[in-house]
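Novice: pasted the sequence and its predicted model underneath.
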Amino acid sequence: MSAKSSTNRPSRADRRTERQQAIIEAAAKLFAQLGYSGCEMERVSTELGIAKGTLYLYFPGKQDLFFACVDLGMSQMQEAIREATATASDPFEMIARAIRAYLNFFDENPHYVELIIQERANFKDRKRPTYFEHRDANRGPWRQLYTDLVAEGKLRDDVPVEQMLNSVGNMIYGTMFTNLFIGRSISLDEQYHAIYEIALRGITRQTAN
C-alpha cells in the first residue's frame, strides 16, 4: 500500500514545477494590474501567502519573474493554437482555427496583452521581444503549409510566403491590441471570420472577364 501511494505521490521536482507555475500565473496578473514598476517581489509573495525568501528560491529577481510571466503566456498561446488545429485535416480549416484560437486566447487572458506592452515599454534594449521569439520558433509548420498551398495552386505564387505569414500575423496582432484598448464591437466569431475572409479572400470583388 505504501509503495503504491509513493508511486502516485508527486515528486519533489513536480511539486516545484507546480509551485513555480502558480507563482508565475499570480505574478502575471499582478504585473498587468500594477505595472512593472509597481509590482514588487514582496507584493507577489503577499498575494501568494509565501515568504519573500521562498519567492527568491524560484526567481533571482523581479526581471526574471517578469520574463517568465511573458514566456509562459506566449507558450500557452502557442499551445492553444496547436490544440485547436490538431484535428483539422483541411489546411484552410487549420488557418481558420488558428486565427480563432489566437483571438480567443487573448480575449480570455487580456493580462498577457498588458505584459507584451510592458515588456516593450520597460525593456526596449531587448533584441527580440518574447512574443516574436515564440512566433518565429513556431512558424516552421505554417511556412510549410503555406508553401504547399502555393505549390498546389491554392494560394497566389506572386506573393512571397513570408510576406503572407507576416500580413496575416500582423492583422491578428493588431486586432489583439485593438480589442484590449477599445473592446470588440462584434462577437469573437464575427471578428475572426472577418479576418479570415479578408486575409484569405481579399476585399476586392471578383468579376468574370
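Specialist: Everything's here; your move. Quantities reported herein were computed from a predicted structural model and do not represent experimental measurements. Numbering: from 1, shown residues only.
Novice: run a quick neighbour tally on Arg143.
Specialist: 13 (other C-beta atoms under 10 Å). (C-beta placed from N, C-alpha, C; glycine too.)
Novice: the one 5 residues further on too?
Specialist: The tally of other residues near Asp148 (other C-beta under 10 Å) stands at 13.
Novice: host element of it?
Specialist: helix 140-151 (DSSP states H and E).
Novice: how about that helix: buried residues?
Specialist: Residues of helix 140-151 classed as buried by neighbour count (16 or more other C-beta atoms under 10 Å): 142, 145-146, 149-150.
Novice: mean confidence for whichever helix or strand comes after that helix?
Specialist: Using DSSP H and E, the next helix or strand after helix 140-151 towards the C-terminus is helix 161-182. For helix 161-182, mean pLDDT is 96.
Novice: please export the C-alpha coordinates of helix 161-182 as CSV.
Specialist: Extracted C-alpha coordinates of helix 161-182, given in CSV (Å, rounded to 0.1, in the frame of the first residue of the first chain):
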residue,chain,number,x,y,z
VAL,A,161,5.2,33.1,-48.4
GLU,A,162,7.0,35.0,-45.6
GLN,A,163,5.1,38.1,-46.6
MET,A,164,1.8,36.2,-46.5
LEU,A,165,2.6,35.0,-43.0
ASN,A,166,3.6,38.4,-41.8
SER,A,167,0.5,40.0,-43.2
VAL,A,168,-1.9,37.6,-41.6
GLY,A,169,0.1,37.6,-38.4
ASN,A,170,0.2,41.4,-38.2
MET,A,171,-3.6,41.6,-38.8
ILE,A,172,-4.4,39.4,-35.8
TYR,A,173,-1.6,41.0,-33.8
GLY,A,174,-3.1,44.4,-34.3
THR,A,175,-6.6,43.1,-33.7
MET,A,176,-5.5,41.7,-30.3
PHE,A,177,-4.3,45.2,-29.2
THR,A,178,-7.4,46.9,-30.5
ASN,A,179,-9.6,44.5,-28.6
LEU,A,180,-7.8,45.5,-25.4
PHE,A,181,-7.8,49.2,-26.0
ILE,A,182,-11.3,49.8,-27.1
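Novice: that concludes my questions; thank you for your assistance.
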